[in-house]
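Undergrad: Sequence and predicted structure below; questions after.
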Amino acid sequence: MAGMPAASTPLPDVDARLIDRFVDMLWMERGLSDLTLTAYRSDLEGFARQLYQQGIADLLSADAAAVQACLGARLQRGHKPRTVARLLSSLRRFYRYLVREAIIEADPTALIQSPRLGRPLPKTLTEQDVERLLNAPDTRTPLGLRDRAMLETLYASGLRVSELVGLQVHEVNLRHGVLRVTGKGGRERLVPLGETAAQWVDRYLREARPALVEMRRSDDLFVTQRGQAMTRQNFWRIIKQTAVRAGVSSPLSPHTLRHAFATHLLNHGADLRAVQMLLGHADLSTTQIYTHVAKARLAELHARHHPRG
């Protein structure tokens, strides 16, 4: 099979209409974020173009064999099993929707198994690495003070990067040291900020943010040099630049600090369900992966309590 058809290849009208209806349903019924809706749309449009390359007219004409062929072709081209499994998940949801709406009679994905996945352990940092990272920004400048406040907030709260850059000034209660965070599915939760992070955010609000915003009106907590809302891409660049300055060579992303937050809490004896609530995980099984990386705490408990420890 040839490579993937170009994203510019126009979709059949029936496919474009069905994908639009499906994405609208996800937004109205599930309240999914724009990023998640974009991912569903991308998956379905790419699949529709693959079908067309197989000589299949549209999404309604796909059977189990066609779906299997598309998934297999992606694996052969070197796509990761996790990426292919995500595509299959998108297709399942789409075709179940079509069955529910009586647009088709049978779901072509019903009997297809997902590729086997090895569950990857989250990449994390040592407490010493985190300390070096937090101390790296030059807090004598407005931008350095902002970067320090953002890093301290991320590590102290375990927020997703989208939650961090989406924070509004009115969602921060420094008096009580908590953040009101809107997470996946529009679910709100209160997250402790911690004394140290609260002090840095307070200093940023007093000394740095007014200089960055100047005369502009903005409700965004963290802003760019131009006084505009911080973006995930901008913060990703800040993380990389700060890591170089700090001499931290471990693979790093904004999500790495979220993983460090969870791992270090467990290492210091935190309850798994408490960590689940702080991270905003709907399912405890999502949080349980951190027990595999919290080795220091587990080794300490074994040495203290096992008769042959």
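TA: Arrived safely.
Undergrad: what residue lies at the spatial centre of the protein?
TA: Arg160 (6.0 Å; Cα atoms, centre = their mean).
Undergrad: In contact with that residue, which residues?
TA: Listed by Cβ atoms under 8 Å, 6 or more residues apart in numbering, the contact partners of Arg160 are 183-184, 255, 258, 280. No exception for glycine: its C-beta is placed from N, CA and C like everyone else's.
Undergrad: quick one: which of those residues is nearest to Gln54?
TA: Lys184 (34.4 Å; Cβ to Cβ).
Undergrad: Look up how far Leu143 lies from that closest one.
TA: For Lys184, the distance to Leu143 (Cβ to Cβ, to the nearest Å) stands at 30 Å.
Undergrad: same check, this time on Gly166
TA: For Gly166, the distance to Leu143 (Cβ to Cβ) stands at 20 Å.
Undergrad: Same question for Lys80.
TA: Lys80 is 36 Å from Leu143, where distance means Cβ to Cβ.
Undergrad: Neighbour count: the two, which is higher?
TA: Neighbours of Lys80 and Leu143, each counted by other Cβ atoms under 10 Å, are more numerous for Leu143; the result is 16 against 12.
Undergrad: Backbone torsions only: list them for the more buried one.
TA: When quoted as degrees, to the nearest 10, the phi and psi of Leu143 stand at phi -70, psi -40.
Undergrad: ok, how many other residues are close to the residue nearest to it when sequence neighbours are not counted?
TA: Of all residues not flanking Leu143 in the chain, Gln225 sits nearest, at 6.2 Å (Cβ to Cβ, 6 or more residues apart in numbering). When counting by other Cβ under 10 Å, one arrives at 11 neighbours for Gln225.
Undergrad: ditto for Arg175
TA: Applying other Cβ under 10 Å, we find 7 residues neighbouring Arg175.
Undergrad: Quick one, grab the pLDDT at it.
TA: The confidence metric pLDDT takes the value 90 at Arg175.
Undergrad: Likewise for Ser249?
TA: We have a pLDDT of 80 for Ser249.
Undergrad: how far away is it from Arg132?
TA: Distance, Ser249 to Arg132, using Cβ to Cβ: 11 Å.
Undergrad: If you count surrounding residues, which of the two has more?
TA: For Ser249 versus Arg132, the count of surrounding residues by other Cβ under 10 Å is larger for Arg132: 17 against 9.
Undergrad: so that one makes contact with Arg245?
TA: No: under the criterion of Cβ atoms under 8 Å, Arg132 makes no contact with Arg245, lying 9.2 Å away.
Undergrad: Make sure Leu190 is indeed in a helix.
TA: No: note on Leu190: no helix contains this position according to DSSP: H, G, I helix; E, B strand; the rest coil, which reports strand.
Undergrad: Report how many residues lie close to it.
TA: 14.
Undergrad: Grab the nearest non-local neighbour of it.
TA: The spatial neighbour of Leu190 that comes closest, neighbours along the chain excluded (Cβ to Cβ, 6+ apart), is Val178 at 5.0 Å.
Undergrad: show me the contacts for the one you found.
TA: Shown here is Val178, whose contacts under the criterion Cβ under 8 Å, 6+ apart are 190-193.
Undergrad: For stretch 170-187, buried residues please.
TA: The neighbour-count criterion (16 or more other Cβ atoms under 10 Å) identifies 171-172, 177-179, 181-183 as the buried residues of stretch 170-187.
Undergrad: Do I have it right that the residue nearest to Leu143 meets Leu212?
TA: Yes: under the criterion of Cβ under 8 Å, Gln225 lies in contact with Leu212, with a separation of 6.4 Å.
Undergrad: That'll do, ta.
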